[in-house]
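>>> fold the stuff below for me.
(chains A and B)
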Amino acid sequence: MTNLVEMKGVELSFGEKKVLEDINLCIREGDFLAILGPNGAGKTSLLRLILGTYRPTRGEIFLFGVPAARFKERYRIGYVPQKGGQLGSFPATVWEAVASGRVARTGIWRRFTPKDEEVIEKTCAALDLLPLLHQKVSELSGGQRQRVAIARALASEPDILLLDEAAEGLDAPGEELFYRYLAELHKERKVTIVMVTHDIGAVSRRVKRVICLNRRIVFEGTPAECLSNNHLAELYGAPVYVPGR
Amino acid sequence: MLDMWQYGFFWRGIIAGLLVGFLCPLVGVFLVARRYSFLPDALAHVSLTGIALGLILHFSPDIVTVMVLVAAAWLTEWLRNKASVYADALLAVVMAVGLALGVILISKSRGFGADLSSYLFGSLLTVRLQDLKTITVALVLVLGMVAVFYRGLLAVALDEEYAQAVGIPVRHLSLVFIALSALTVAAAIKVAGVLLTGALVVIPSLLGAFLGRSFAGTLKVAVGTGVLLSLLGMHLAYWGDLPPGPAIILLGAGMLVLVILGRRFAM
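You can find the predicted model right below:
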């Protein structure tokens, strides 16, 4: 399997403060990976290193085998920010919001071809957004808006999807639906998924591999291994209750 | 009604007003979406520095103003990105510095005299052919930019952080757009003056945001409202013997209040 992301001895500091240290991580094609960790553990920073919005203080990052600084095909990495990012703060329809994700692949000046429009429409269809296409994003529920954020990320047909606490704020049915969409994406569209989450219950049921992060990687393995030992209690500094176990 | 149309200066004023009414919301919608509404106001105040510098250096105040505004706009954008300063606080500082520097330079120059009032509040009656050319050039450049880079500008306007994360060249796009915003301000000052240009950019854009059902719809409503406000404001100014810039702004503010009240009662 191809390595989509490879980190070797990566360190990230802001001034004197070390946010991440000694990160050695490999994300392979077909992975469904969860990154767990307490607040301030560096989870979002790790995603931002992959996205290229942060540069490592030390170490090397390779994206699709290319050093991150020289990697040009950023559209191959889809991103769903916390709470869907800034979507919905200014009038835009669902179609416009999803189409804005396609720009990462087409470039800023090229007009959409019929193929681009077809991809956008199919992406919306896959996420049950077709009936909402002409509705304003600001008028949608939290769950619907989250689906728009995922559709926007998928519109560039990425090979890997990074989700940053994307299910936060969803009610229980919305959360269930959200994880069902992710599972379908992973299974049917073969999208590699990396999700930062606090939702240990979802992790135990959905993902193939877990990384526990607290500035450095303190555990890497299957969800069962993670839950069977005391890793979570060590990570969070207190006993952790996992729903459904 | 007929008599006002027979004067060349009135025609120039009308055309300048309409072009500026079209131009300002075209950049305004993107600025408002990016929480950068205060930029045109800050730049308009900086323009005093440009005009005074032009007079002191005996070089075209129009060209010096555009150069000063573009430099100030780029510096502001650079500080916003590098120094992580709150955009609104930064713009307040830029506005105050631009105004302070302008006042000092004006006190050292002798060319302002009675023109100062028209620089501050705008004057349609003093619009020259050269001003019309400047406004037209600004409009053509902004229209071209929006037409060619619409998708990219939309992605950045909707979610700048996301656009940056997925590799859209936000910095380059912003630098060009901010420069065109500076050019827009330089052009609009002829009509609305230093003190009112910001409102001419923001009010139609806000009306568009309240009434539009999509981003494209917002842009269309904003531009349509900008042109309509200019037309109605100029007529109001003529019939009421009022300064046109303030008449346009007050009309726009009235319309904004009506729209806000209408939405509130409709809910």
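>>> hmm, whichever strand or helix holds residue B:255 touching chain A?
Element membership for residue B:255, per DSSP states H and E: helix B:244-266. No: against chain A, helix B:244-266 shows no contacts by C-beta under 8 Å from any C-beta of the partner chain, the least distance being 12.7 Å. C-beta: built from backbone N, CA, C; applies to glycine.
>>> other residues contacting that helix?
The contact list for helix B:244-266, computed with C-beta atoms under 8 Å, 6 or more residues apart in numbering or on different chains, reads B:13, B:17, B:21, B:121-124, B:191-193, B:196, B:199-200, B:203-204, B:206-207, B:210-211, B:225, B:229-230, B:232-234, B:236-237, B:240.
>>> now it: buried residues?
If you call a residue buried by 16 or more other C-beta atoms under 10 Å in any protein chain shown, then helix B:244-266 has these buried ones: B:244, B:245, B:246, B:247, B:248, B:249, B:250, B:251, B:252, B:255, B:256.
>>> and those residues, which is closest to chain A?
Among these, residue B:256 lies closest to chain A (C-beta to the nearest C-beta), at 15.5 Å.
>>> how about the residues of the stretch 101-250 of chain B that lie near chain A?
Checking the stretch 101-250 of chain B against chain A by C-beta under 8 Å from any C-beta, the hits are B:148-149, B:151-155, B:157-169, B:173, B:209, B:212-218.
>>> other SSEs contacting the helix or strand that contains residue A:148?
Element membership for residue A:148 (DSSP H and E) is helix A:142-154. Contacts defined by 3 or more C-beta pairs under 8 Å, 6 or more residues apart in numbering or on different chains; DSSP states H and E place helix A:142-154 against strand A:77-80, helix A:94-106, helix A:114-126, strand A:160-164, helix A:172-188.
>>> and among these, the most buried is which?
Of all the helices and strands packed on helix A:142-154, strand A:77-80 has the most neighbours on average by mean count of other C-beta atoms under 10 Å in any protein chain shown, namely a mean of 28.
>>> how about low-confidence regions in chain A?
A:1, A:169, A:229-245 (pLDDT under 70).
>>> and it, which residues reach chain B?
Counting by C-beta under 8 Å from any C-beta, chain A sits next to chain B at A:48, A:51-53, A:72-75, A:77-79, A:81, A:85-87, A:89-93, A:96-97, A:99-104, A:106-112, A:134, A:136, A:152-153, A:156.
>>> selecting buried members of those residues in ChimeraX, what would you type?
The following ChimeraX line selects those of these that are buried, judged by 16+ other C-beta under 10 Å:
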select /A:48,51,52,74,75,77,78,79,81,85,86,87,90,91,92,93,96,97,99,100,101,102,103,104,106,108,136,152,153,156
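>>> SS state for residue A:35?
Classification of residue A:35 by DSSP: H, G, I helix; E, B strand; the rest coil places it in strand.
>>> how many neighbours does residue A:206 have?
The number of residues packed near residue A:206 is 19, by other C-beta atoms under 10 Å in any protein chain shown.
>>> wait, residue B:155 sits on residue B:164?
No: using C-beta atoms under 8 Å, residue B:155 is not in contact with residue B:164, being 10.0 Å away.
>>> what about the nearest residue to residue B:62 once chain neighbours are set aside, neighbour count?
Leaving out its chain neighbours, the residue that sits closest to residue B:62 by C-beta to C-beta, 6 or more residues apart in numbering or on different chains is residue B:134, at 6.0 Å. If you count neighbours by other C-beta under 10 Å, residue B:134 ends up with 21.
>>> for residue B:23, see how far away residue B:134 is.
11 Å (C-beta to C-beta, to the nearest Å).
>>> circling back to that earlier point, more neighbours, residue B:155 and residue B:164?
Shown here are residue B:155 and residue B:164; by other C-beta under 10 Å, residue B:155 has more neighbours (28 against 18).
>>> what ranges does the stretch 1-150 of chain B have for its helices?
B:2-5, B:8-33, B:39-57, B:61-82, B:87-108, B:116-121, B:129-158 (DSSP state H, counting those that start in this stretch).
>>> right, so of the ones you listed, which gets closest to residue A:163?
helix B:129-158 (18.8 Å; C-beta to C-beta).
>>> what's that closest one packed up against?
Helix B:129-158 packs on helix A:94-106, helix B:8-33, helix B:61-82, helix B:160-165, helix B:170-211, helix B:215-240, going by 3+ C-beta pairs under 8 Å, 6+ apart.
>>> put together JSON lines for the ones you listed, with distance to residue A:34 on each row.
Shown next, in JSON lines, are those (distance: least, C-beta to C-beta, whole Å):
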{"stretch": "helix A:94-106", "distance to residue A:34": "23"}
{"stretch": "helix B:8-33", "distance to residue A:34": "34"}
{"stretch": "helix B:61-82", "distance to residue A:34": "32"}
{"stretch": "helix B:160-165", "distance to residue A:34": "20"}
{"stretch": "helix B:170-211", "distance to residue A:34": "29"}
{"stretch": "helix B:215-240", "distance to residue A:34": "34"}
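>>> and the residue nearest to residue A:146 when sequence neighbours are not counted, what does it touch?
Among residues not flanking residue A:146 along the chain, residue A:84 sits closest, at 5.6 Å (C-beta to C-beta, 6+ apart). Counting by C-beta under 8 Å, 6+ apart, residue A:84 makes contact with A:145, A:146, A:148, A:149, A:166.
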